[in-house]
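Enquirer: Fold the following for me, if possible:
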Amino acid sequence: MNSKTDFDAILSGQPTIVSHPGASQYNAGGIAACGLASLNFVRVAFARVEAGIIGRRLVEDLVSRQTSEEIIHICSRWQSNGHLEVEDIAQVPLFERALELESSTFNVPSFDHFLAMLSSLESLPQQHAAIVITRPPEIVSCLKLPIEVTSEKSGVVFVIFDSHPRPSHPDGAGLIINASVAAAAAHLDNLLKVDGGLLADHGLQWQTQLLANFSGHCFIPKSQPVNTLSEMTKSVMDSSLAVLAKQAEVDELRIQIAALMRDRQSLELELNESRARLRTAKHASKDKSSSRSSYRDAVNVVQPRASSSKVSSPVLPPSARNALEYFHNPSNVQRPEKTRVESSDYQMAKQVIEAGSSRRNNGDSKRYQNHYDGDLALAAQLQRDWDRQDMRDVEKLREKQRQYEAEYARLNAERVTLQAMQQKLFRCPLCFEDLPEDDVALVSNCTHQLCRPCMKNYVTSRLADKIYPIFCPVCLAESTTSSPGMITDELAQILGLTDVEYHVLQELQIASLSILIHCRKCKEGVFVDRGEHDAAEIIGCPLPRCNFVWCKACQQEIVSGGPKHSCDGSSEMDHLLAQRGWRRCPHCKTAFQKSSGCNHMTCLAPGCNTHFCYLCGDMIVRSALAKEIRTGVSDHYRRCQLFEDVPER
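Expert: You can find the predicted model right below:
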């Protein structure tokens with residue numbers, strides 16, 4: 001796609017297919033991740049547009065192998081075989097912040113329907129838009145983008161992204177580029193065609209008929225930038241909160257499952273105990289069946305006549321059952337409808353007596369009476385044992401239920417207490433790790449939360465570069481922050497800096513308020529107030545037992561008690577002249593010392609020609625002419641002394 005001929009072929013109406021071997025959803029590992037790949041293609045394309053890549057450059061970038069691998073890479077993160085719906089994928093923060101759903105279309109796959117759908121995509125006011133097409137179980141996407149045809153004319157091309165290998169691109173995912181709506185619709189019709197019998201046969205299940213329909217979801221880019229650091233941070237934060245919510249739901253379901261399993265185990269234990277008691281009772285009944293054979297004969301004789309008895313009697317046990325099985329079935333026991341409470345033993349005995357009376361009224365033989373009375377006593381005894389056992393079982397169940405409720409309440413209280421005691425987590429914006437709040441490093445006048453190791457490394461690096469003040473790194477990265485937070489001395493102490501690093505920090509902190517001076521005499525360095533240092537001209541060493549004083553401008557030592565200091569030595573020279581009685585030339589200020597002779601002095605400086613009196617220091621005349629000099633000397637020394645005694649020195 002780097003030559004002009006390729007674009008000419010596309011713009012002439014010839015479909016172009018680009019595929020890179022190995023770049024498909026199956027090679028990446030996602031068996032049912034075509035929906036993820038299709039929406040990721042749209043997201044990557046919109047991100048390129050936001051970065052300023054449009055037109056032919058955008059086409060060249062989308063068909064490159066690097067971009068194809070970037071699109072397909074998301075499939076390796078999804079290993080499930082479950083089909084993903086486009087609506088569900090679009091709600092993931094990664095896509096929800098980058099894509100905006102414009103419209104949806106549902107119809108039967110055909111060329112006309114695909115043509116109408118792509119025509120509506122072309123008519124959108126946005127220059128770049130995409131539509132994600134689902135024909136179960138496959139999902140493809142189609143991107144609309146403008147491309148320059150000539151320097152004065154532009155056209156529209158449609159790029160279809162198919163993450164499945166096809167006969168036209170068997171080695172990987174394919175990008176099919178068409179320059180017209182009809183060509184793109186024809187390709188979709190050929191790609192997503194279905195068997196017409198699915199629509200004609202109304203006897204098929206609705207899930208099968210669903211395969212004969214398609215849906216199209218049209219997406220446009222978000223109006224605001226989405227690929228900034230702040231937006232990506234928000235996306236990661238939303239994803240993290242969604243994962244935490246799902247994890248909370250899973251934990252709650254696990255607690256419910258554990259409670260249900262405990263209930264099931266308790267019920268299974270009770271069921272096994274009941275079955276064991278039933279087997280024990282049956283075995284005991286079988287051991288005594290031989291002694292009650294006469295009772296069964298009597299029952300067989302009385303049973304056909306039971307319907308003619310005028311006394312209300314229960315249904316007698318059949319010959320194939322014994323008395324134990326008969327009384328064990330509650331439906332065979334007749335309960336009185338009166339409100340008077342009678343024991344179960346009395347009721348069962350009354351039913352058996354009534355059955356015996358009915359048999360006697362019908363003329364049955366009395367030889368069965370003794371056997372019948374013994375069986376009645378045995379059945380009543382068994383019933384009383386069962387009732388007592390049932391009462392004990394009910395009491396055990398109630399006790400277990402109370403224990404379970406108390407245990408469940410205790411566990412809930414502990415869980416609430418642990419949740420209240422559990423530290424909240426925060427995410428460090430530098431290392432992107434979730435850490436407890438005990439590890440947070442809070443910057444003054446800033447809301448950003450960084451972990452202490454990252455903050456310590458950052459502060460150490462700034463101290464090594466002798467940079468102060470040290471601002472919050474996140475604030476510096478955000479261009480919208482006008483007053484970034486600053487690292488304080490308290491935070492530096494919490495971070496655990498070494499003594500050397502903390503000493504450097506202290507020097508940097510006081511550097512704005514003080515200045516370091518070095519004394520040449522005691523060889524020590526001392527910080528002094530910067531304002532006082534700037535105002536002073538003479539500096540004295542502030543250390544005790546050191547009286548060294550020097551000039552700030554020339555760094556020369558100043559002797560205490562001497563003349564006033566001057567950097568050029570003029571003050572000291574004036575002091576020396578006054579002390580020795582020397583004179584200066586009134587014109588050029590050249591110093592003179594008279595050793596002997598008269599007080600008439602002549603300045604020998606080139607071009608000066610000044611004559612002055614050494615005694616009073618006044619100028620006599622400034623001239624090189626002998627006549628003017630004689631006249632001036634004569635006039636001056638009429639009022640001053642020409643000769644004087646010079647004392648020996």
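
Enquirer: switch to C-alpha atoms for all contacts and neighbour counts from now on
Expert: Fine.

Enquirer: got a list of contacts for the helix or strand containing residue 627?
Expert: Using DSSP states H and E, residue 627 sits in helix 626-636. Here helix 626-636 makes contact (Cα atoms under 8 Å, 6 or more residues apart in numbering) with 600, 611, 620-623.

Enquirer: Would you mind giving these as JSON lines with secondary structure added?
Expert: Below are those laid out as JSON lines (DSSP: H, G, I helix; E, B strand; the rest coil):
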{"residue": "600", "secondary structure": "strand"}
{"residue": "611", "secondary structure": "strand"}
{"residue": "620", "secondary structure": "strand"}
{"residue": "621", "secondary structure": "strand"}
{"residue": "622", "secondary structure": "strand"}
{"residue": "623", "secondary structure": "coil"}
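
Enquirer: re the thing from before, export the helix holding residue 627 to PDB, keeping only CA atoms.
Expert: In PDB, the C-alpha atoms belonging to helix 626-636 read as follows (Å, rounded to 0.1, in the frame of the first residue of the first chain):
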ATOM      1  CA  ALA A 626      59.200  80.300  33.500                       C
ATOM      2  CA  LYS A 627      57.800  83.800  33.800                       C
ATOM      3  CA  GLU A 628      54.400  82.600  35.000                       C
ATOM      4  CA  ILE A 629      56.000  80.200  37.400                       C
ATOM      5  CA  ARG A 630      58.200  83.000  38.900                       C
ATOM      6  CA  THR A 631      55.300  85.300  39.200                       C
ATOM      7  CA  GLY A 632      53.100  82.700  40.900                       C
ATOM      8  CA  VAL A 633      55.900  81.600  43.300                       C
ATOM      9  CA  SER A 634      56.600  85.100  44.300                       C
ATOM     10  CA  ASP A 635      52.900  85.900  44.900                       C
ATOM     11  CA  HIS A 636      52.300  82.800  47.000                       C
END
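
Enquirer: Can you point out the buried residues in it?
Expert: For helix 626-636, the neighbour count (16 or more other Cα atoms under 10 Å) marks 629, 632-633, 636 as buried.

Enquirer: and the helix or strand where residue 100 lies, what other elements does it pack with?
Expert: If you go by DSSP H and E, residue 100 is part of strand 99-107. Contacting strand 99-107 under the criterion 3 or more Cα pairs under 8 Å, 6 or more residues apart in numbering; DSSP states H and E are the following elements: strand 214-221.

Enquirer: Quickly run through the sheet partners of the strand it packs on, with directions.
Expert: strand 99-107 (antiparallel), strand 129-135 (antiparallel) (DSSP bridges).

Enquirer: Need the mean per-residue confidence for the helix or strand hosting residue 259.
Expert: Using DSSP H and E, residue 259 maps to helix 229-287. What helix 229-287 shows for mean pLDDT is 80.

Enquirer: Determine the set of other helices and strands touching that helix.
Expert: Helix 229-287 packs on helix 93-96, helix 323-328, going by 3+ Cα pairs under 8 Å, 6+ apart.

Enquirer: just how off-centre is the strand holding residue 100 within its chain?
Expert: How far strand 99-107 lies from its chain's middle: 30 Å, per Cα atoms, centre = their mean, to the nearest Å.

Enquirer: how about that strand as CSV, C-alpha atoms only?
Expert: The C-alpha trace of strand 99-107 is given here as CSV (Å, rounded to 0.1, in the frame of the first residue of the first chain):
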residue,chain,number,x,y,z
LEU,A,99,-16.7,4.9,21.2
GLU,A,100,-20.1,6.4,21.1
LEU,A,101,-23.1,4.3,19.8
GLU,A,102,-24.9,6.3,17.1
SER,A,103,-27.6,3.9,16.0
SER,A,104,-28.5,0.2,15.6
THR,A,105,-29.9,-1.8,12.7
PHE,A,106,-31.6,-5.3,12.7
ASN,A,107,-32.6,-7.1,9.5
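
Enquirer: Now do that strand: everything it contacts.
Expert: Here strand 99-107 makes contact (Cα under 8 Å, 6+ apart) with 43, 90, 113, 117, 213-222.

Enquirer: Please tell me I have it right and residue 614 contacts residue 583.
Expert: Yes - the pair residue 614 and residue 583 qualifies as a contact (Cα atoms under 8 Å) at a distance of 6.4 Å.

Enquirer: Closest to residue 398 out of the contacts of strand 99-107?
Expert: For the contacts of strand 99-107, the residue nearest residue 398 by Cα to Cα is residue 90; the value is 51.8 Å.

Enquirer: Write the ChimeraX selection for whichever of the contacts of helix 626-636 are buried.
Expert: Buried members of the contacts of helix 626-636, defined by 16+ other Cα under 10 Å, are picked up in ChimeraX with:
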select :600,611,620,621,622
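
Enquirer: if we take the contacts of helix 626-636, which one ends up nearest to residue 589?
Expert: Checking the contacts of helix 626-636 against residue 589 by Cα to Cα gives residue 611 as the nearest, at 12.3 Å.

Enquirer: Beta-bridge partners for that closest one, please?
Expert: residue 602, residue 621.

Enquirer: Now do the domain split for this protein, please.
Expert: By the record's domain assignment, the chain is partitioned as 4-227, 288-404, 434-511, 513-580, 586-636 (automatic domain parsing).

Enquirer: Just name the most buried of the ones you listed.
Expert: For these, the largest average neighbour count (mean count of other Cα atoms under 10 Å) is found in domain 4-227, namely a mean of 18.

Enquirer: chain center to it, what's the gap?
Expert: For domain 4-227 - counting by Cα atoms, centre = their mean - the centre lies 30 Å from the chain centre.

Enquirer: returning to that earlier point: just the buried residues of helix 626-636 now: which is nearest residue 592?
Expert: Comparing the buried residues of helix 626-636 against residue 592 with Cα to Cα places residue 633 closest, at 18.3 Å.
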